[in-house]
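[1] model this:
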Amino acid sequence: MGLLEVIAIAVALGLDAMSVSAAVGVRWHGPRQKFRLAWHMGLFQFLMPVLGWLAGAQLASLLEKVGSYIAAALVFAVGVKMFYEAVKSHPGAAEEAVASTAPRRDPTRGWSLVVLSVATSLDALVVGFSLGLRGSSSIVWPSLVIGITAAAMSLTGVVIGKRLGDRFGKPAEIAGAVVLMLLAVSFLVW
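    Residues are numbered from 1 along each chain as shown. This is a model prediction of the structure:
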C-alpha cells in the first residue's frame, strides 16, 4: 500500500475522532483534556487496525454487520448524556454543582473516554481486517500513520470545539451533543 493510500485512509478514519473531539471540546478543552482525547483517539486508531489484521477474516464479516450498530449506540449514548447535562445546566447551576455531590462528568475521563475511543475506531478495525485479507505483509506502518493522524485531527477538533464554545456558550454545548447524536446516526446510514 502506497503512502497516499495510507494517508487517505488515515484522514478518512480520523474524521470521526475529529468530530467527536470538537463536540466534546466545546465544554472540556483544558490541556489535560486535549492530551487525553488526542492520546486515546490516536492510540485506539493505531491499535484497532493491528487487532483487525491479527484477527483475520473470520471476524471481518461479523464486525462489518454489527460494528456500525455498536459504534452508533455508544456515540449516541454519550451524545444524549452530554445533551442532558447541557440542557440541565442553567444560570446558578455553578452554585448547585458546588453543593451537589454529582457534578457534570468530564467525558475525557474514565469509561466515557474509552467508549468514545472504541466507537470512533471500530471502522479502523475493519480496515485492519481488509488489509489482512488483502495480504498486506505489515500493518505497523499504516497503523502508525492512522494513529498519528487521528491524534492530530482529534487535537484540532478540540481546538475548534473550544472556539465554538467560547463564542456561543451553552448553545454550542447543545449543538456539540446533537452533532454526536447525528454522527451516531451517520454510522448507520453510510
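[2] what's the top helix by length along the chain packed up against?
    In the chain, taking DSSP state H as the definition, the longest helix is helix 57-88. The contact analysis (3 or more C-beta pairs under 8 Å, 6 or more residues apart in numbering; DSSP states H and E) places helix 57-88 against helix 3-25, helix 110-133, helix 170-189. In this view, the C-beta of every residue, glycine as well, is placed from N, C-alpha and C.
[3] and it, how far out from the chain middle?
    10 Å (C-alpha atoms, centre = their mean, to the nearest Å).
[4] cool, and stretch 27-37?
    13 Å.
[5] got the contact list for it?
    The contact list for stretch 27-37 (C-beta atoms under 8 Å, 6 or more residues apart in numbering) reads 21, 24-25, 82, 86, 106-109, 113, 154-155, 157-159, 161-162, 165, 173, 176.
[6] next: stretch 160-180.
    For stretch 160-180, using C-beta under 8 Å, 6+ apart, the contacting residues are 19-27, 29, 75-76, 78-80, 82-83, 86-87, 89.
[7] what residues of it count as buried?
    For stretch 160-180, the neighbour count (16 or more other C-beta atoms under 10 Å) marks 160-162, 164-165, 170, 172-177, 179-180 as buried.
[8] picking that back up, of the contacts of stretch 27-37, grab the buried ones for PyMOL.
    Per 16+ other C-beta under 10 Å, the buried members of the contacts of stretch 27-37 correspond to this PyMOL selection:
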select buried, resi 21+24+25+82+86+106+107+108+113+154+155+157+158+161+162+165+173+176
